[in-house]
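# build me a structure from this.
(3 chains)
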Amino acid sequence: MKPKQLQKKLDRQFYTRDLLTVAYELLGKHLVKKEKGKILSGRIIEVEAYDGSIDEAAHTFIGKTKRNEIMFNIGGYLYVYFTYGNHYCCNVVTGEEGKGTAILIRAIEPLEGISTMIKNRFNRDLLNEKEKFNLTSGPGKVCQALSINKSHYGIDLTGDEIYLIDQPLIDKQNVVITKRIGIKKSVDLPWRFYIKDNPYVSKK
DNA sequence: CCACGGATTGGCT
DNA sequence: GCCAATCCGTGGA
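Coordinates of the predicted model:
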């Protein structure tokens, strides 16, 4: 890790650009969560883009509701939703105000605060070999490991609690662009981006 | 008020 | 690979 003063937080301008551009560029960036002085962070390995204007799988396809309203903000806010009765998933809102676009963070590679993430995920202090890559290899897992829940809905990512740190993408030649998974509508849009061969990529 | 299904996960076959 | 768990948001009556 670089010393703190050399780290550059991604700013509003980064998030307000085109959905797919931001989705691609999120790969390799560091996601940071601060809570009670503890820092939890990881490198973004896998994302999916959602655009309510043309994409039936997006939560904003039905228009603005109380649940999805933050997705219509200008880029740089956190959209957290609850699903399947158990899981939270977090998204980065992108674009200009009113677009209804966001990017689901599907997997990260743990960097800082790993022991806390283990505790958050499994309520234990140690992992067996099988669990090592099970820590943050899915959208629900990422939120559980970082303790992200509905209380973080709408957080401004240019603030100090949850934010992203700029990093060069060292796997540029290893980015895979393919169809999204776990959805039933608009299944053919190639809006899933991940780093090939990284062990934290979620299933398939 | 009620019915339905989901941007998932983990356990079992 | 298959499937149940679990509950809230959404839409229709």
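
# please see if the longest strand along chain A touches DNA strand B.
Taking DSSP state E as the criterion, chain A has its longest strand at strand A:38-51. Yes. Strand A:38-51 reaches DNA strand B (CB under 7 Å from any atom of the strand) through A:E48, A:Y50. Any C-beta I mention is one placed from the backbone N, CA and C, and that applies to glycine too.

# so that strand, near DNA strand C or not?
No. Remark: strand A:38-51 sits outside contact range of DNA strand C, by CB under 7 Å from any atom of the strand, the gap being at least 13.6 Å.

# sheet-wise, list the partners of that strand with their directions.
Sheet pairing for strand A:38-51, assigned by DSSP bridges, gives strand A:30-35 (antiparallel), strand A:101-112 (antiparallel), strand A:192-195 (antiparallel).

# ok, the spatially most distant residue from the centre of chain A to A:D156 distance?
The C-alpha centroid of chain A is most remote from A:N128, which lies 25.4 Å away (CA atoms, centre = their mean). According to CB to CB, to the nearest Å, A:N128 and A:D156 sit 38 Å apart.

# and the gap between the residue farthest from the centre of chain A and DNA strand C?
17 Å (CB to the nearest atom of the strand, to the nearest Å).

# give me the pLDDT value at that residue.
We have a pLDDT of 85 for A:N128.

# on that earlier part again, helices or strands up against the next helix-or-strand element following the longest strand of chain A?
Using DSSP states H and E, the helix or strand that directly follows strand A:38-51 along the chain is strand A:78-83. In terms of contacts (3 or more CB pairs under 8 Å, 6 or more residues apart in numbering; DSSP states H and E), strand A:78-83 is packed against strand A:87-94.

# please see if the strand it packs on touches DNA strand B.
Yes. Contact of strand A:87-94 with DNA strand B (CB under 7 Å from any atom of the strand) involves A:H87, A:C89, A:N91.

# A:E56: which of these is nearest?
For the residues of strand A:87-94 next to DNA strand B, the residue nearest A:E56 by CB to CB is A:N91; the value is 16.8 Å.

# show me the contacts for the closest one.
A:Y50, A:M71, A:L78, A:Y79, A:V80, A:Y81, A:A102, A:I103, A:L104, A:I105 (CB atoms under 8 Å, 6 or more residues apart in numbering).
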